[in-house]
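Visitor: Sequence first, then the predicted structure:
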Amino acid sequence: AQSVTQLGSHVSVSEGALVLLRCNYSSSVPPYLFWYVQYPNQGLQLLLKYTSAATLVKGINGFEAEFKKSETSFHLTKPSAHMSDAAEYFCAIRGDNNNDMRFGAGTRLTVKP
Amino acid sequence: DAGITQSPRHKVTETGTPVTLRCHQTENHRYMYWYRQDPGHGLRLIHYSYGVKDTDKGEVSDGYSVSRSKTEDFLLTLESATSSQTSVYFCAISESIRTAMPGELFFGEGSRLTVL
């Protein structure tokens, strides 16, 4: 079954520091992978998606993610954190029957001044 | 922003009472989904719809039913609410996820349900 695992439920960084949020996937077929962000009291919005066109995917707000098949990983990075990046981030994978999306448990990012 | 409206946004109810949450979209998207969000679990799919009157179960469907009589509306019903159904419920829509380029999900703002 398709699934994703996010390593670390909470990550704290200083403003200006590198952001690294980890996601590993399990899939019996080439996966379609996504990162979503959720700001307080809002729904989720798409940051970026991997659909096999390129292993390095650039998203909104300066975020990017690299698909590494050998490591079954799809980690999210941003070179320099901003206070406005504080939110919860979810990794997701398209489900087995192609009709749904399966989400990780989420990682809450805190940015310290 | 995608035109998705969830109602009610907040509800407190008692165990054993029926509850219906409504999702309304103005995007004419084919696919609609109901997820629940709980700490430590992320979002889990309850039910989804791939067209009018076409629905299927997700991974946590027990205790929930859905209906879609019009493209724009997708209703989630808890026939007899239990405390374990206290959660934040999100509706999402997608034009198509059955393509080589999978569709993005667009989410509503959520409905917070408390079952006492």
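Guide: Arrived safely. None of these values were measured; they are calculated from a predicted model. Numbers count the residues shown, from 1 in each chain, chains lettered A, B, ... in the order given.
Visitor: Quick check, the residue in chain A closest to chain B?
Guide: The nearest approach of chain A to chain B comes at A:Gly43, 3.2 Å away (C-beta to the nearest C-beta). Glycine gets a C-beta too; all of them are placed from N, C-alpha and C.
Visitor: Write out the residues of chain B neighbouring chain A.
Guide: For chain B, the residues in contact with chain A (C-beta under 8 Å from any C-beta of the partner chain) are B:4, B:31, B:33, B:35, B:40-45, B:48, B:50, B:56, B:58-59, B:90, B:92, B:97-98, B:100-102, B:104-105, B:107-110.
Visitor: In strands, which of these fall?
Guide: B:4, B:31, B:33, B:35, B:42-45, B:48, B:50, B:56, B:90, B:92, B:107 (DSSP state E).
Visitor: Going by contacts, tell me the helices and strands next to the lowest-mean-pLDDT helix or strand in chain A.
Guide: Among the helices and strands of chain A, strand A:101-103 carries the lowest confidence by mean pLDDT, DSSP states H and E, at a mean of 88. Contact here means 3 or more C-beta pairs under 8 Å, 6 or more residues apart in numbering or on different chains; DSSP states H and E; on that basis strand A:101-103 packs against strand A:3-7, strand A:87-94, strand B:42-51.
Visitor: Quick check: next helix or strand after it?
Guide: Counting by DSSP states H and E, the next helix or strand C-terminal to strand A:101-103 is strand A:107-112.
Visitor: Which positions in that following strand come out as buried?
Guide: For strand A:107-112, the neighbour count (16 or more other C-beta atoms under 10 Å in any protein chain shown) marks A:Thr107, A:Arg108, A:Leu109, A:Val111 as buried.
Visitor: contacting residues for the last one?
Guide: Same thing as A:Val111. A:Val111 sits next to A:Ser12, A:Val13, A:Ser14, A:Glu15, A:Ala81, A:His82, A:Met83, A:Asp85, A:Ala86 when contact means C-beta atoms under 8 Å, 6 or more residues apart in numbering or on different chains.
Visitor: Report the beta-bridge partners for it.
Guide: Following DSSP bridges, A:Val111 is listed with bridge partners A:Val13.
Visitor: And A:Cys23, by the same measure?
Guide: Per DSSP bridges, the residues bridged to A:Cys23 are A:Gln6.
Visitor: Same question for B:Arg36.
Guide: For B:Arg36, the beta-bridge partners under DSSP bridges are B:Arg44, B:Tyr89.
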